[in-house]
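K.L.:
Sequence and predicted structure are below.
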Protein chains: 2
Amino acid sequence: MQTPFPPVTPPRRILMGPGPSDISPRVLAAMAAPTVGHLDPYFLRIMNETQEMLRQVFRTRNPLTMSVSGTGSAGMEACVANLIEPGDRMIACINGVFGGRMADVAERCGAEVTRLERPFGEVFTAEEVEEAVRKVSPKVLGIVHAETSTGALQPLEDISRVVHDAGGLLLVDCVTSLGGLPVEIDAWGVDAAYSGTQKCLSCPPGLAPVTFGPKAVEVIDNRKSKVQSWYLDMTMVRNYWSDQSRAYHHTAPINMNYGLHEALRIILEEGLEPRFERHQRNHQALKSGLAAMGIEYAVAEGHQLPTLNAVRIPDGVDDKAVRGRLLEEFGIEIGGGLGPMAGKVWRIGLMGEASSKRNVMLFLAALEECLATAGVSVTAGAGVSAASEAYRSA
Amino acid sequence: MQTPFPPVTPPRRILMGPGPSDISPRVLAAMAAPTVGHLDPYFLRIMNETQEMLRQVFRTRNPLTMSVSGTGSAGMEACVANLIEPGDRMIACINGVFGGRMADVAERCGAEVTRLERPFGEVFTAEEVEEAVRKVSPKVLGIVHAETSTGALQPLEDISRVVHDAGGLLLVDCVTSLGGLPVEIDAWGVDAAYSGTQKCLSCPPGLAPVTFGPKAVEVIDNRKSKVQSWYLDMTMVRNYWSDQSRAYHHTAPINMNYGLHEALRIILEEGLEPRFERHQRNHQALKSGLAAMGIEYAVAEGHQLPTLNAVRIPDGVDDKAVRGRLLEEFGIEIGGGLGPMAGKVWRIGLMGEASSKRNVMLFLAALEECLATAGVSVTAGAGVSAASEAYRSA
């Protein structure tokens, strides 16, 4: 019997959306290495090495640092479900889709959730968080470091202090920051954090790096009830990921972990600081180019993510038509807006492998053509010239 | 900065354990195809095709058939969490580790769980299930078609009838059967089922095929409470997997889905019936070979899985030493026992790509050498001769 479907032959995209980002051929090759068993001595070594590299990227010494066998949202659920028991108080800071998602997850775990809200695209001050934690005395405060839906970067140091002063745990979403800008788990005192592989780590989606600090582990150790998700229950998963028992829990996604291992090797070869500088440099060049084309950021100066550039769609421009042309004619994927920002912003990702001078220049050239066709008045070559100038003066 | 860890270069194993099983180079190559976005028109096509092929393999017309973004255990949790609301009655049939796991998952979802138990390795009769469902009137009865921990095959047709007569839904674990022996979702009236990619589908671990029939979908549609797992909430996930809205839920593991797509293509090219016959043929040959070496099955005749052969470790033989030698000297992985069967049985998988004459013959030859060294009296060449004879007379 012949199947009616052709083999997988994807078009070659340039992934400048909100993720997945471009993947190195080295990572793709690692994904295709022969599968071994989940208890094979070779795979146990890969797990140990991956944990050690994740600790370097998270900048932490937390022993409980590993990859959850699901995408970033599974990492979110793993953190919340392990820290929260029914009736626990949690504050969710919501200034975008992913803060809202955290509140939803926490409520499903039985938390008494207080929503601290800010308009999409803004960030929280330590003062308003302090007021909230004093009032609520939450077990956990959850906040998003890099809001993928809005492009806003949330400072965390002062917030960490006020949460700890009130006796709470700080849970951080660093899905769109890890590997692209500084994430200082230990220096900032973050108690638990999760990320996804498909953003600044430049590995295909499918795993969620997580880390739990000493106070979070203590909370998990002293739970009165079982974690409501069997699949994400760290009291069992950690035995498989620890050096001692290696007790079987579920079959780890072997080849996905090969990919993450190679992606982390690439990151550490480049070095975290040079990598962060590269992300900044390309972000600044893109920003200069967009400014020259009259395109504004949706997030205030000083809070713009270098990894995800949320910009306002010029008046009268058809969002979907432009994104469709970029994809079809140039193979470039960018993202539309989510939630209240749908149709109002574009989200241009410069994450991991995708954060390159080549991509910035091509994108500006491609966008100019799309806008010109759409009848928007743009000075010819203004975007690429301004970006080029930014690179030269960087 | 150079990272201290070498790149991924796994040893080439022959995976004859309880999974993962051997993977076709075609599937590995598909995993390494360029990543595209999760809303890319190309990926939406891959999703549609994968769903259609999964329906063929599950032998169902259920529209809600797709891959959950986690391993088999996430598929189990997805089925239970979507069908169960707090206070619902569920019967879990437990004759191995995975039936027990289902009970644990159901309790964490708030179900009032009745455990129907059988010793490990035995199967359930329709009569005892009938008695239980009459007494309990459960919303859901969960049962394992192919118990990976014991190698037992559970007949389902009569059980389906008695569960439906009592007004319940039948939930089936077909992790170690799908793609290796008949799984007749529609003909048997299975209301919901889950599997894993790393067994008879011969795709790396990381996804869980699931299917929900009309009555299961009705139950999901009429839930009074939110599904407790956000990540696995089918009321949202299905919108992403349906042709209409394609509403973003989480970022699907793109490359894992490429791999599954290719694995399904291979299955449908071979044809389901020829594939099931191949699994039977290799199982019978292995069994003949093992019998000639004096090795017995742990499961009674007539209930032995062709895909997972659980056999008693001969008296006086060191379980771990033999498995260690098989792995080190021959690159062959087989599994040890789980739970009460630890140290007492070996689990020899003949799943998907691993179910081959070549593997059967090599394994028998390798085992003979290991047993001879361990001081077990085995007639030289008896195993391979008997297997060879079985192939010739098949």
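P.N.:
The structure has been received and is ready for your questions.
K.L.:
Is residue A:275 in contact with residue A:179, as I believe?
P.N.:
Yes. Residue A:275 lies in contact with residue A:179 (C-beta atoms under 8 Å); the separation is 7.0 Å. Every C-beta, even on glycine, is put in place using the N, C-alpha and C of the backbone.
K.L.:
In contact with the residue in the stretch 51-200 of chain A positioned nearest to chain B, which residues?
P.N.:
Here the stretch 51-200 of chain A gets closest to chain B at one residue, residue A:73, 4.2 Å apart by C-beta to the nearest C-beta. Residues near residue A:73 by C-beta atoms under 8 Å, 6 or more residues apart in numbering or on different chains: A:101, A:208, B:230-231, B:249-251.
K.L.:
which one of the residues you listed is nearest residue A:166?
P.N.:
Taking C-beta to C-beta as the measure, residue A:166 lies nearest residue A:101 of the contacts of residue A:73, at 23.7 Å.
K.L.:
And for that closest one, the neighbour number?
P.N.:
23 (other C-beta atoms under 10 Å in any protein chain shown).
K.L.:
In three-state terms, label it for me.
P.N.:
helix (DSSP: H, G, I helix; E, B strand; the rest coil).
K.L.:
check contacts around it.
P.N.:
Per C-beta under 8 Å, 6+ apart, neighbours of residue A:101: A:73, A:76, B:230.
K.L.:
among the contacts of residue A:73, who's most crowded?
P.N.:
Busiest of those [other C-beta under 10 Å] is residue B:231, holding 32 neighbours.
K.L.:
how about the residue of the stretch 251-394 of chain A found nearest chain B, what does it touch?
P.N.:
Closest approach between the stretch 251-394 of chain A and chain B, counting by C-beta to the nearest C-beta: residue A:253, at 3.4 Å. Residue A:253 makes contact with A:69, A:206-207, B:71, B:204-206, B:253, B:256, according to C-beta under 8 Å, 6+ apart.
K.L.:
can you rerun that using 7 Å?
P.N.:
Counting by C-beta atoms under 7 Å, 6 or more residues apart in numbering or on different chains, residue A:253 makes contact with A:69, A:206-207, B:71, B:204-206.
K.L.:
So which bits of stretch A:386-394 are buried?
P.N.:
A:386-388, A:390 (16 or more other C-beta atoms under 10 Å in any protein chain shown).
K.L.:
Kindly report the same for stretch A:73-91.
P.N.:
So for stretch A:73-91, counting by 16+ other C-beta under 10 Å, buried means A:73-85, A:88-91.
K.L.:
What of stretch A:11-19?
P.N.:
A:13-19.
K.L.:
So which of these reach chain B?
P.N.:
A:13, A:15, A:17, A:19 (C-beta under 7 Å from any C-beta of the partner chain).
K.L.:
so the second one bridges to which residues?
P.N.:
Looking back up the chat, that one is residue A:15. residue A:333 (DSSP bridges).
K.L.:
tell me the contacts of it?
P.N.:
By C-beta under 7 Å, 6+ apart, the neighbours of residue A:15 are A:21-22, A:333, A:354, B:35, B:37.
K.L.:
ditto for the first one
P.N.:
Counting by C-beta under 7 Å, 6+ apart, residue A:13 touches A:331, A:333, B:34, B:36-37, B:40.
K.L.:
For ChimeraX, write a command that selects the buried ones of these.
P.N.:
Per 16+ other C-beta under 10 Å, the buried members of those correspond to this ChimeraX selection:
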select /A:333 /B:34,36,37,40
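K.L.:
Same list (the contacts of residue A:13) but as a markdown table, adding secondary structure.
P.N.:
Putting the contacts of residue A:13 into a markdown table (three-state DSSP) gives the following:
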| residue | secondary structure |
| --- | --- |
| A:331 | coil |
| A:333 | strand |
| B:34 | coil |
| B:36 | coil |
| B:37 | coil |
| B:40 | coil |
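K.L.:
Out of the contacts of residue A:13, the closest to residue A:265 would be?
P.N.:
residue B:34 (19.9 Å).
K.L.:
ok, residue A:59 touching residue A:188?
P.N.:
No. If you go by C-beta atoms under 7 Å, residue A:59 and residue A:188 don't touch, sitting 9.0 Å apart.
K.L.:
Between the two, point out the one with more neighbours.
P.N.:
With neighbours defined as other C-beta under 10 Å, residue A:59 and residue A:188 compare such that residue A:188 has more, 21 against 17.
K.L.:
Against residue A:267, how distant is that one?
P.N.:
20 Å (C-beta to C-beta, to the nearest Å).
K.L.:
Kindly report the same for residue A:160.
P.N.:
24 Å.
K.L.:
and what of residue A:286?
P.N.:
Distance from residue A:286 to residue A:267, by C-beta to C-beta: 21 Å.
K.L.:
for the residue nearest to residue A:381 when sequence neighbours are not counted, what are its contacts?
P.N.:
Leaving out its chain neighbours, the residue that sits closest to residue A:381 by C-beta to C-beta, 6 or more residues apart in numbering or on different chains is residue A:368, at 7.5 Å. Applying C-beta under 7 Å, 6+ apart, we find residue A:368 in contact with A:293, A:378, A:383.
K.L.:
Check which residues of the helix or strand containing residue A:368 are buried.
P.N.:
Here residue A:368 sits within helix A:357-373, counting by DSSP states H and E. Within helix A:357-373, the residues scored as buried using 16+ other C-beta under 10 Å are A:357, A:359-364, A:366-368, A:370-371.
K.L.:
May I have the phi/psi pair for the nearest residue to residue A:178 once chain neighbours are set aside?
P.N.:
Leaving aside its sequence neighbours, residue A:178 sits nearest to residue A:195 (C-beta to C-beta, 6+ apart; 4.0 Å). When read as degrees, to the nearest 10, the backbone of residue A:195 gives phi -140, psi -170.
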